[in-house]
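Turn this into a model:
(one chain, ligands or ions: 1)
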Amino acid sequence: MDAEVVRIYEESLERCSSNPRFLERFYEIFLACSPKIAEKFKNTDFARQREALNGSLHAMVLAVRDEGGLLEKHLAELAEKHSSRGFGVGSELYDYWLDSLLAAVKETDPQYDKRVHDAWERVMLIGIEYMLSRYA
Ligand code: HEM
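Numbering: from 1, shown residues only. Predicted structure coming up:
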């Protein structure tokens, strides 16, 4: 992937991560999208969940640079957990996920603009595509 896009994503991620409200807002927006989503998180410890998601958003930087199968290394286990054998997260739920994340970035990053939006979208779509390829 274009190094400039990864840089824009990474810098925006740092600005967002420095605000503790970022992932709280993400889960508020995401869970409000559909009762089907809220149902999947009904027993979730959100402090732990936010930590885990923060880790995978950072891992995406390494994964999309894809130096020697890093996508596989960082996302294989996560993809398995979200697959039909695990949480059962189908493609329609990823649309809500991405829209919710982009909305939380827009609220949180003071330097948000179209370039920032597009960088998040491009990086996340690589991760989402990989996760969905392992769904069935
Ligand atoms: C690329 C997109 C996504 C990423 C990077 C991501 C990341 C994560 C991470 C890091 C965890 C913690 C895994 C663990 O406990 O080891 C997790 C758990 C989970 N994710 Fe996702 N996720 C994504 C999309 C989704 C979507 C679209 C849904 C749909 C509802 C979803 C539902 C869940 C559920 C139900 C859990 C388990 C929560 C619990 O432990 O109670 N995820 N996700």
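
Could you list every helix and strand that the helix or strand residue 57 falls within packs against?
In the assignment (DSSP states H and E), residue 57 maps to helix 46-65. Contacts defined by 3 or more Cβ pairs under 8 Å, 6 or more residues apart in numbering; DSSP states H and E place helix 46-65 against helix 3-17, helix 21-33, helix 70-82, helix 114-133. All C-beta spots, glycine's among them, are computed from the backbone N, C-alpha and C.

how much does it deviate in direction from helix 3-17?
Angle between the axes of helix 46-65 and helix 3-17 is 170 degrees (criterion: axes from the mean of the first three to the mean of the last three Cα atoms, to 10 degrees).

Any buried residues in helix 46-65, and which?
Neighbour-count burial for helix 46-65 flags 50, 57, 59-61, 63-64 (criterion: 16 or more other Cβ atoms under 10 Å).

got the CA coordinates for that helix in PDB?
This file holds the C-alpha atoms of helix 46-65, laid out as PDB (Å, rounded to 0.1, in the frame of the first residue of the first chain):
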ATOM      1  CA  PHE A  46     -15.700  -2.800  27.200                       C
ATOM      2  CA  ALA A  47     -12.500  -1.600  29.000                       C
ATOM      3  CA  ARG A  48     -10.800  -4.800  27.700                       C
ATOM      4  CA  GLN A  49     -12.600  -4.600  24.400                       C
ATOM      5  CA  ARG A  50     -11.300  -1.000  23.700                       C
ATOM      6  CA  GLU A  51      -7.800  -2.100  24.600                       C
ATOM      7  CA  ALA A  52      -8.000  -5.000  22.200                       C
ATOM      8  CA  LEU A  53      -9.400  -2.900  19.400                       C
ATOM      9  CA  ASN A  54      -6.700  -0.200  20.000                       C
ATOM     10  CA  GLY A  55      -4.100  -3.000  19.600                       C
ATOM     11  CA  SER A  56      -5.600  -4.200  16.300                       C
ATOM     12  CA  LEU A  57      -5.800  -0.700  14.900                       C
ATOM     13  CA  HIS A  58      -2.100  -0.300  15.500                       C
ATOM     14  CA  ALA A  59      -1.400  -3.800  14.100                       C
ATOM     15  CA  MET A  60      -3.100  -2.700  10.900                       C
ATOM     16  CA  VAL A  61      -0.200  -0.400  10.200                       C
ATOM     17  CA  LEU A  62       2.200  -3.300  10.100                       C
ATOM     18  CA  ALA A  63      -0.300  -5.500   8.400                       C
ATOM     19  CA  VAL A  64      -1.000  -3.200   5.400                       C
ATOM     20  CA  ARG A  65       2.700  -2.600   4.900                       C
END
